[in-house]
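Undergrad: Quick one: sequence plus predicted model below, questions after.
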Amino acid sequence: MSAATPPTERRVSARVAAISESATLAVDAKAKALKAAGRPVIGFGAGEPDFPTPGYIVDAAVEACREPRNHRYTPAGGLPELKAAIAAKTLRDSGYEIDASQVLVTNGGKQAIYEAFAAILDPGDEVIVPAPYWTTYPESIRLAGGVPVEVVADETTGYRVTLEQLEAARTERTKVLLFVSPSNPTGAVYPEAEAEAIGRWAVEHGLWVLTDEIYEHLVYGDATFTSLPAIVPELRDRCVVVNGVAKTYAMTGWRVGWVIGPKDVIKAATNLQSHATSNVGNVSQAAALAAVSGSLDAVAEMRTAFDRRRRTIVRMLNEIDGVFCPEPEGAFYAYPSVKELLGKELRGRRPADTVELAALILDEVEVAVVPGEAFGTPGYLRLSYALGDEDLIEGVGRLQKLLAEVKD
Ligand SMILES: Cc1ncc(COP(=O)(O)O)c(C=O)c1O
């Protein structure tokens, strides 16, 4: 008897089959594989700091490792002392006073986003998603049964959406506004007055806000970080904050993030996590505890390096004909428009979209960048500048030489 699949049987559920691979991780994996094969690839794909985790955080983890009680489960929602430290850190950094019972410790910011949407969305609920958006949000919303509704902002407004655009996207089914500042992939930072106006608009219409603050400490020049529930207290009962240690403390591999929200939402999300993954690794939680309760000196040092690289990459990208890169004010990404280059001849090919252009760039000069399609806006490339200064200059230098060959 053959074990062939009956023609009507669906092997992978429609819900999960509809999810696409994370484009940013795919680019990074391809670049890493080429590098492992000995190719001199320069990767602008991954959103991870190139610095090691600061020593005092690693020391705390090593110590925790030797302690047998840390070889056990913790409460599903996280170590009580870590939740208390996250509450204290939130007051210190955002001026937002919360209780430890409003915190759920998760396996990174990604799981925080997934669980937060799962806890507040019912099938058909709409979430307004400003685009360019980080590639994970729409998939997370869909997995939770929600419907992402994109509102696109381009380089002419510094990639910031306006209240008029948000109002035009609002329907009877709108439940949540997603607010991310500083933004991945654009590096846009909303000035306080704009953020406050958006928060007040959400309150006026009874909307929830999910705000992702993971880049809170990475702002440059005159830009400042604004936490929505801190400046619009009326929002607090319908506001969910996502954050984590990955970007601030160069801890992407430790997998610690958190959700802050009203107690009923946190309780529901904790119940969900208790069945999905139980708790975050005990040793990672100990490392996160050292991170959030320590000083911000290491972050300041990394910020100085990122700022230097930011200025270099923006200058070098804008030197290329057909490339326009507004100055990002936060995070560690440049998001240039390359629309003028599309459809033109380059080394015998005519890339019609940015997926094709990114593939050509990787093939021809071994530089990995992420196409704008991954962020809902074809016609752009995302370059992370969280890589060493020399690599950055070499990589953008290769791009400059290659793109100088573009012909009509
Ligand atoms: C905007 C944003 N939020 C959340 C995350 C998730 O970070 P992690 O899951 O590594 O904590 C990322 C990572 O790239 C991000 O860019």
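TA: Nice, thanks for sending it over.
Undergrad: Now do the contacts for residue 278.
TA: Residues in contact with residue 278 (Cβ atoms under 8 Å, 6 or more residues apart in numbering) are 73, 76. Placement of C-beta: from N, CA and C, glycine included.
Undergrad: Roughly how far does it sit from residue 76?
TA: 6 Å (Cβ to Cβ, to the nearest Å).
Undergrad: How about residue 326?
TA: Between residue 326 and residue 76 the computed distance is 43 Å (Cβ to Cβ).
Undergrad: got the residue ranges for the strands in the stretch 251-400 of the chain?
TA: 257-260, 333-334, 367-368, 370-371, 381-384 (DSSP state E, counting those that start in this stretch).
Undergrad: Please name whichever of the ones you listed is nearest to the ligand.
TA: strand 257-260 (4.3 Å; Cβ to the nearest ligand atom).
Undergrad: Can you list the strands that that closest one pairs with?
TA: strand 103-106 (antiparallel), strand 239-244 (antiparallel) (DSSP bridges).
Undergrad: Determine whether any part of the last one lies close to the ligand.
TA: Yep, that's strand 239-244 we're talking about. Yes: Strand 239-244 lies within reach of the ligand by Cβ under 6 Å from any ligand atom, at residue 244.
Undergrad: now that strand, how far from the centre of its chain.
TA: In terms of Cα atoms, centre = their mean, to the nearest Å, the centre of strand 239-244 is set 12 Å apart from its chain centre.
Undergrad: any idea of the mean pLDDT in it?
TA: Strand 239-244 carries an average pLDDT of 98.
Undergrad: Touching it from outside, list them.
TA: 86, 90, 96, 106, 108-109, 112-113, 116, 119-120, 208-214, 216, 227-229, 256-262, 265.
Undergrad: separation between residue 132 and residue 402?
TA: For residue 132, the distance to residue 402 - Cβ to Cβ - is 24 Å.
Undergrad: So between the two, which is more surrounded?
TA: residue 132 (25 against 17; other Cβ atoms under 10 Å).
Undergrad: excluding its backbone neighbours, what's nearest that one?
TA: Among residues not flanking residue 132 along the chain, residue 375 sits closest, at 4.0 Å (Cβ to Cβ, 6 or more residues apart in numbering).
Undergrad: can you check residue 277 too?
TA: Nearest non-adjacent residue to residue 277 (Cβ to Cβ, 6+ apart): residue 107, at 5.9 Å.
Undergrad: Count the residues that sit near that neighbour.
TA: Residue neighbour count, defined by other Cβ under 10 Å, stands at 21 for residue 107.
Undergrad: Also residue 348?
TA: 6.
Undergrad: If we go by neighbour counts, what in the top helix by length along the chain is buried?
TA: Looking across the chain with DSSP state H, the single longest helix is helix 297-318. Going by neighbour count (16 or more other Cβ atoms under 10 Å), the buried part of helix 297-318 is 298-299, 302-303, 305-307, 309-310, 313-314, 316-317.
Undergrad: which residues of the chain score low on pLDDT?
TA: By pLDDT under 70, the low-scoring segments of the chain are 1-7.
Undergrad: Show me the helices in it, by range?
TA: Under DSSP H, the chain gives helices at 14-17, 23-36, 55-65, 80-94, 108-120, 136-143, 163-169, 192-204, 228-231, 263-276, 282-293, 297-318, 354-365, 389-403.
Undergrad: Name the residues of the chain found near the ligand, please.
TA: 47, 108-110, 134, 180, 184, 212, 214, 244, 246, 252, 257.
Undergrad: May I ask which two of these are separated the most?
TA: The span of the residues of the chain next to the ligand, defined through Cβ to Cβ, is set by 180 and 252 at 17.7 Å.
Undergrad: now, among the residues of the chain next to the ligand, which is nearest to residue 31?
TA: Of the residues of the chain next to the ligand, the one sitting nearest to residue 31 (Cβ to Cβ) turns out to be residue 47, at 13.1 Å.
Undergrad: Give the full set of residues in contact with that closest one.
TA: Contacts of residue 47 (Cβ under 8 Å, 6+ apart): 24, 184, 247, 332-333, 384, 386.
Undergrad: swap in residue 100?
TA: Applying Cβ under 8 Å, 6+ apart, we find residue 100 in contact with 80, 83-84, 86-87.
Undergrad: cool, and residue 131?
TA: 150-153, 375-377.
Undergrad: Among the contacts of residue 100, name the buried ones.
TA: 83-84, 86-87.
Undergrad: The ligand versus the closest residue to residue 294 other than its chain neighbours, what's the distance?
TA: Excluding the flanking residues, the one nearest residue 294 by Cβ to Cβ, 6+ apart is residue 56, at 6.3 Å. According to Cβ to the nearest ligand atom, to the nearest Å, residue 56 and the ligand sit 20 Å apart.
Undergrad: Done for today, thanks.
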